[in-house]
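Visitor: Fold the following for me, if possible:
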Amino acid sequence: MPITPATAKHSASNGAADAILLELVDENGVTIGTAEKLAAHQPPGQLHRAFSVFLFDEQGRLLLQQRALGKYHSPGVWSNTCCGHPYPGEAPFAAAARRTYEELGVSPTLLAEAGTVRYNHPDPDSGLVEQEYNHLFVGLVQSALRPDPEEVGETAFVSPAELAERHAKDTFSAWFMTVLDAARPAVRELTGIAAGW
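Guide: So this is what the prediction gives:
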């Protein structure tokens, strides 16, 4: 994985979640400061930069991940392929590619920007709040997954019909439908209308 000035100062072994800094932004996505990760998610939440990745296989199926049970925030729930936060000063695109590789062991193909979405989603189970200015990305996965068990419990490739069925019976992240709906135009462009997204 390439080292950038932002990633050189950070690593997955930095320690507790509260020691990691997030980039705080205003309503237009302009950086206004930093906050520790856990503090930024305490109610009422501080608006911060985030990213969400949606990767598809060659059949147009979306790769979902179930978040590992050991995660401090939303453990065990299903969500999009990868999501997270850029380090302060790290480009969202670089962060999205980095975290996809760290969590799933694959580098996305044809990764493209798919807009942004701003939301405020309290998590009823943890009491934490997602106040996020989220950069969306879509792309393809064309190699075998090698998930990090500390990050990912399970993975699944799903069609739109299979997603609807799974969403009705399983627990998903509070932000999942918001980011998926915002990314749908780019998803349709990537997968084609016939895929049904």
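Visitor: Next, the contact list for the closest residue to Arg166 other than its chain neighbours, please.
Guide: Excluding the flanking residues, the one nearest Arg166 by CB to CB, 6 or more residues apart in numbering is Val158, at 6.2 Å. In short, each C-beta sits where N, CA and C put it, glycine included. Val158 makes contacts with Arg61, Leu62, Leu64, Arg166, as judged by CB atoms under 8 Å, 6 or more residues apart in numbering.
Visitor: Give me the subset of the residues you listed lying in strands.
Guide: Those of these mapping onto strands are Leu62, Leu64, per DSSP state E.
Visitor: sorry, back to before: now the residue nearest to Arg166: how far from Asn80?
Guide: 11 Å (CB to CB, to the nearest Å).
Visitor: For whichever strand in the chain runs longest, report the contacting residues that lie outside it.
Guide: As assigned by DSSP E, the longest strand anywhere in the chain is strand 109-122. Strand 109-122 has contacts (CB under 8 Å, 6+ apart) with 27, 29, 43, 45, 47, 53-54, 93, 96-97, 128-142, 174-175, 178-179, 182-183, 185-187, 190.
Visitor: filter these to the buried ones?
Guide: Among the contacts of strand 109-122, those buried by neighbour count (16 or more other CB atoms under 10 Å) are 45, 47, 53-54, 96-97, 128-141, 174-175, 178-179, 182-183, 186-187, 190.
Visitor: Looking at the contacts of strand 109-122, which are in helices?
Guide: In helices, defined here by DSSP state H, the members of the contacts of strand 109-122 are Phe93, Ala96, Ala97, Thr178, Val179, Ala182, Ala183, Pro185, Ala186, Val187, Leu190.
Visitor: can you tell me which residues contact the second one?
Guide: Read that as Ala96. Counted by CB under 8 Å, 6+ apart, Ala96 has contacts Phe51, Val53, Cys82, Gly84, Pro108, Leu111, His135, Phe137.
Visitor: Then the first one?
Guide: The neighbourhood of Phe93, defined by CB under 8 Å, 6+ apart, consists of Leu111, Glu113, His135, Phe137.
Visitor: Quick check: beta-bridge partners of Phe157?
Guide: For Phe157, the beta-bridge partners under DSSP bridges are Leu63.
Visitor: mind checking pLDDT for it?
Guide: Looking at Phe157, its pLDDT reads 98.
Visitor: now do Asp125
Guide: pLDDT at Asp125 comes out at 79.
Visitor: Make 299 the starting number, not 1.
Guide: Renumbered: residue one is now 299, and that last one reads Asp423.
Visitor: now it, what's its secondary structure?
Guide: Classification of Asp423 by DSSP: H, G, I helix; E, B strand; the rest coil places it in coil.
Visitor: Name the next helix or strand downstream of the worst-scoring helix or strand of the chain on mean pLDDT, please.
Guide: With mean pLDDT, DSSP states H and E as the measure, the helix or strand of the chain carrying the lowest mean pLDDT is helix 303-306 (a mean of 40). Scanning forward in sequence from helix 303-306 by DSSP states H and E, the next helix or strand is strand 319-323.
Visitor: tilt between that following strand and strand 407-420?
Guide: 80 degrees (axes from the mean of the first three to the mean of the last three CA atoms, to 10 degrees).
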